[in-house]
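S.K.: curious how this folds, go ahead:
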Amino acid sequence: MFAFSDIGDMTLFADNVVPAVVQHHGLIDPCSSIRAKITSGKELTLQETTAMRAASIVAAQLVVDCANGPTSEFKAGTTPVNQATLDNFWWYEGKEPELRTIPRLVCKNTLYF
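M.R.: Model (predicted):
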């Protein structure tokens, strides 16, 4: 019932965890004003939050492209590397105790992006 053949075409789910992990790994580097807000736990504007989440999606696609490229060390037959699987990996990584302290994006009154 839930075997979606096109699941690999979806982008990652850019919640508040994934952008924090992506930033932690140095894959995105927000401008100083956004970085200051994130670090201090202040609320970001909708535009700032959208920019951070969109940057996470772009960074994820670059990782996917590299992982699936001709020089990749990934072997055929392993779990496919797409944004959905990468999202799952980063989300769980962000829940590890040592990464739980990474400041997250704050944008109140947001149901979902």
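S.K.: what residues sit buried inside the helix or strand hosting A51?
M.R.: Element membership for A51, per DSSP states H and E: helix 46-67. Across helix 46-67, burial judged by 16 or more other Cβ atoms under 10 Å covers E48, T49, A51, M52, R53, A55, S56, I57, A59, A60, V63, V64. Quick note: C-beta positions are derived from backbone N, CA and C, even for glycine.
S.K.: now pLDDT and distance to C107 too, for these, in a markdown table please.
M.R.: What follows is the buried residues of helix 46-67, written out as a markdown table (pLDDT from 0 to 100; distance: Cβ to Cβ, whole Å):
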| residue | pLDDT | distance to C107 |
| --- | --- | --- |
| E48 | 93 | 8 |
| T49 | 91 | 4 |
| A51 | 93 | 11 |
| M52 | 93 | 9 |
| R53 | 91 | 9 |
| A55 | 95 | 14 |
| S56 | 94 | 14 |
| I57 | 93 | 16 |
| A59 | 95 | 19 |
| A60 | 93 | 19 |
| V63 | 91 | 24 |
| V64 | 90 | 26 |
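S.K.: just want the angle from the following helix or strand past the helix holding A51 to helix 46-67.
M.R.: Next in sequence after helix 46-67, counting helices and strands by DSSP H and E, comes helix 83-94. Using axes from the mean of the first three to the mean of the last three Cα atoms, to 10 degrees, the inter-axis angle of helix 83-94 relative to helix 46-67 is 110 degrees.
S.K.: hang on, the earlier thing: which of the buried residues of helix 46-67 sits closest to D15?
M.R.: R53 (8.1 Å; Cβ to Cβ).
S.K.: what separates the residue sitting nearest the centre point of the chain from R53, distance-wise?
M.R.: With distances taken as Cα atoms, centre = their mean, V18 lies nearest the centre of the chain, 3.4 Å away. Per Cβ to Cβ, to the nearest Å, V18 is found 8 Å from R53.
S.K.: likewise for V21?
M.R.: 13 Å.
S.K.: also T71?
M.R.: Distance from T71 to R53, by Cβ to Cβ: 29 Å.
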